[in-house]
Each structure stands twice: as C-alpha cells, then as structure tokens.
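Visitor: predicted model and sequence below, questions to follow.
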Number of protein chains: 2
Amino acid sequence: MVITISRETGSGGHTIGKLLAEKLGYAFYDKEIVASAAGEMGIDEKLILENGENMSDQDYIDMKSGFIPHCRKPEVPYEEIREAQDRVIMSIADKGNCIIVGRGADFILRGRSDVINVFIHADMEHRVRRVQRHEGVTGQEERIRRELERKDRSRTMYYRYFTEEEWGRAENYTIALDTGVFTKTQCAELIIRALELRAKTKSV
Amino acid sequence: MVITISRETGSGGHTIGKLLAEKLGYAFYDKEIVASAAGEMGIDEKLILENGENMSDQDYIDMKSGFIPHCRKPEVPYEEIREAQDRVIMSIADKGNCIIVGRGADFILRGRSDVINVFIHADMEHRVRRVQRHEGVTGQEERIRRELERKDRSRTMYYRYFTEEEWGRAENYTIALDTGVFTKTQCAELIIRALELRAKTKSV
C-alpha cells in the first residue's frame, strides 16, 4: 500500500508521515528523498526540489494566459519538471509499502486502488505555535502567519495549474484529519486503522 | 459530545449518522427532526425544512449584490430563517450527546470544544449508484448526476452566503471520510475512535 500525505505547512503532516513509516515499517519519502530519487533517475534534483509543489500567483496567471510559456525561475518548462516528478513518484509507488509526503502525489497516483490519500490540516493558531516551537522562537506571530499563508497559496496555485482543481477539498482525500484537535500519534493511529479497513474492503 | 455530519448527497452520510446514533446511544437529528424541534420552539417548520441549507445561484447573486433583500421563495428574509435555525441547533447541542446531520451545524457550533465535525463524501460514480439503489431504478445516470450536482451547488451557495467560506474544504472538519473507499460501518467505526481520542486530548 501507498499512503500519500498532503498537508498545510505547520500542521505536523511531515512528522505524522515519519511516525507512520516507523509504525508500519514502510519506506518514507519527503521532498529531499523524492529529489534524491530523481537524481538517481538522471533528473536534476534541484529542479524537483524547488518546483515540485509550489507556484507563484504571477507565474500561474502568466502561464495560464499564455503570456509566458514557463515559470520565470528556472527557465525550464514547468510541464517538463512535472513529468519528471510524475515518473519519480510512480516508480516509488510501484515499489509499494511507502509514505509519500507532498509533491501532489495524491493526484499523480489517482485511480490506483493501492493508495490512500491523507490530508492533514490545523487552524492557523495551532500552526503558528508549531512553527514557533520548531524555530525555537517566541512571538513573531505576524511574520509566521504571513509565511504560512504564502506557502498555502503557492501550493494552491501549483495544484490548480496542474489539476484544475482546488487544493484542500475534502473530496480529494480518503481521510482528512485536524491536528488542532488530534495529536500526531492519534492521527497516526486513525490512519493505520483506516489503512487496515481499506485493505478489507473489496469493492473499490 | 456533539457530532455534526456534513455530506455530499448520495454519499451515505445520513445512514452513517443513524449508525453512530445507534452505536453510541446518541440522539439523532436530521432535517425533519430539526424542523420539528423548530416547531416546538414556535418557529415555522416549513421555512426551516425548505431553506435550512440550500440557496439558488440566482438568489445568491441577487442577495449579495443587494438587488433583492431576501430569497424569492418564501418572501421571508433568509437571515431570519437562519437565525431561527441557529437557535434550534444550539438548543439541540446544549442537550449534549447527539448527532446533527446537515443544516450547516458545523459552522453554527464552531469554536465549541464538545463538537467534532465530520464530512462524508464519495466520487460521483458511487453516489449515482447509491441513489439508483435508493430509488430502486436502473440507468438514468445522467438525470441523477445532474440532480446531485444541483444539490451540491445549492449547498455551496448557502454555505458561501452565510459563512463566506467554501463548502467541502477539509480544513473545516475534524475528520473527513470517503465512502467510495470505506463502507458506512467502517466510517462509523473510524468516527467513534476519533471521538474517543478527541475526548482524551486535553489541549483544544
């Protein structure tokens, strides 16, 4: 089975992915590891790392309108980067039993019956507090909030460009959980139970 | 505890609500029961029944732009209906241990720590099949699909008008589940486990 985890920045989705990998004995892939897998396949790691799930508003508008053929930085067609990343994600998924965090993997693997797609989110207050803890700072709420909003926005633009759908809609995920309510360990438990139940269900 | 269930039509959310009520021994409220509770509070049942979670595109546009002060049918300000329904839902929630299906109850009860908000969805194919079974018909996929899309749309307009947010975004729910993947019994099991874990979590 493959578990994809999409997450709002600061919601703890990355940590939940690691917890799941440990508990299930699954391989764990985040952006660094996906980029490294790309490197092994002869694809430029840096391109994947920097352009694998983000897009600026201006690039989105200009590319959609045909004003520019590809994003401003780097000067490589986004579609090429995307196709390379698709190949990497599919090859990872084909190996089975793994967790893939981010990278629009839910969309790339859509329609496969061996995948469950997880979305992890939390309200802004919880996310800001998590970033404060992570950075070891107090205060600076306004800066952190703006940065989180910018990241959400750039993921939304990326997802919209490639899927023509809205990022974060419940209907695109097998299970979505709120880490403002559940702890990360509790989320891992619920996802593992969902995975077990999913394996039992015949008609999918 | 209060469990609100928002659902795409045909996703089985109503049945899951009933299952949960049985398993947990909670009171169950769907639109008929909410309307009847409204009746007991001296509020017109029919208004609540017909206008408690739906709004046409045209009413949305005309009301937002100030072109008309309230929806076309009935000629009662939507806000009044809404406020009456809010009072009913809050009085139901105050009694505790209940399931409330639909009616935007997730939004009305937002911020309360004794509530978990559930969203139930499924892909269109599963929903069409469920409606076929429910109506005892074969074929007629196109009619059913159009009707489901119309209902989703009218819930979206209603939610947008009153909350200024998009209906069906994962971030508005404590847990969201796909009945195209899980059976209704499996969903009930996952929600009950979520409820138990929620009760354990202190910091909310």
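Guide: Yep, it's here. Computed from a predicted structure; not experimentally measured.
Visitor: okay, CA-based contacts and neighbour counts for the rest of this
Guide: Noted.
Visitor: give me the contacts around the helix or strand of chain A with the lowest mean pLDDT.
Guide: Across the helices and strands of chain A, mean pLDDT, DSSP states H and E gives its lowest value to helix A:45-51, namely a mean of 77. The set of residues external to helix A:45-51 that reach it, using Cα atoms under 8 Å, 6 or more residues apart in numbering or on different chains, is A:31-32, A:35-36, A:38-39, A:74, A:78, A:81, A:85.
Visitor: ditto for stretch A:189-204
Guide: With contact meaning Cα under 8 Å, 6+ apart, stretch A:189-204 is reached by A:20, A:113, A:116, A:118, A:175, B:180-183, B:186, B:190, B:193-194.
Visitor: what's the PyMOL syntax to select whichever of those are buried?
Guide: Of those, the buried ones can be selected in PyMOL as follows, counting by 16 or more other Cα atoms under 10 Å in any protein chain shown:
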select buried, (chain A and resi 20+116+118+175) or (chain B and resi 180+181+182+183+186+190+193+194)
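Visitor: average model confidence for the helix or strand hosting residue A:134?
Guide: Assessed by DSSP states H and E, residue A:134 sits inside helix A:124-135. For helix A:124-135, mean pLDDT rounds to 94.
Visitor: what helices and strands are in contact with it?
Guide: Helices and strands touching helix A:124-135, as assessed by 3 or more Cα pairs under 8 Å, 6 or more residues apart in numbering or on different chains; DSSP states H and E, comprise helix A:141-163.
Visitor: pLDDT averaged over the helix it packs on - what is it?
Guide: Across helix A:141-163, pLDDT averages out at 91.
Visitor: which other residues reach that helix?
Guide: Outside helix A:141-163, the residues that touch it by Cα under 8 Å, 6+ apart are A:8-10, A:53-57, A:60, A:64, A:104, A:107, A:124, A:128, A:131, A:165-167.
Visitor: return it as PDB; C-alpha atoms alone will do.
Guide: Extracted in PDB, the C-alpha atoms of helix A:141-163 (Å, rounded to 0.1, in the frame of the first residue of the first chain):
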ATOM      1  CA  GLU A 141       3.200  35.600  15.100                       C
ATOM      2  CA  GLU A 142       2.600  38.000  12.300                       C
ATOM      3  CA  ARG A 143       5.600  37.100  10.200                       C
ATOM      4  CA  ILE A 144       4.900  33.400  10.700                       C
ATOM      5  CA  ARG A 145       1.300  33.700   9.800                       C
ATOM      6  CA  ARG A 146       2.200  35.600   6.600                       C
ATOM      7  CA  GLU A 147       4.800  33.000   5.600                       C
ATOM      8  CA  LEU A 148       2.300  30.100   6.200                       C
ATOM      9  CA  GLU A 149      -0.400  31.900   4.100                       C
ATOM     10  CA  ARG A 150       2.200  32.400   1.300                       C
ATOM     11  CA  LYS A 151       3.100  28.700   1.300                       C
ATOM     12  CA  ASP A 152      -0.600  27.600   1.300                       C
ATOM     13  CA  ARG A 153      -1.100  30.000  -1.600                       C
ATOM     14  CA  SER A 154       1.800  28.700  -3.700                       C
ATOM     15  CA  ARG A 155       0.700  25.100  -3.200                       C
ATOM     16  CA  THR A 156      -2.900  26.100  -4.200                       C
ATOM     17  CA  MET A 157      -1.600  27.700  -7.400                       C
ATOM     18  CA  TYR A 158       0.600  24.700  -8.200                       C
ATOM     19  CA  TYR A 159      -2.300  22.300  -7.600                       C
ATOM     20  CA  ARG A 160      -4.700  24.400  -9.600                       C
ATOM     21  CA  TYR A 161      -2.400  24.700 -12.500                       C
ATOM     22  CA  PHE A 162      -1.800  21.000 -12.900                       C
ATOM     23  CA  THR A 163      -5.100  19.500 -11.700                       C
END
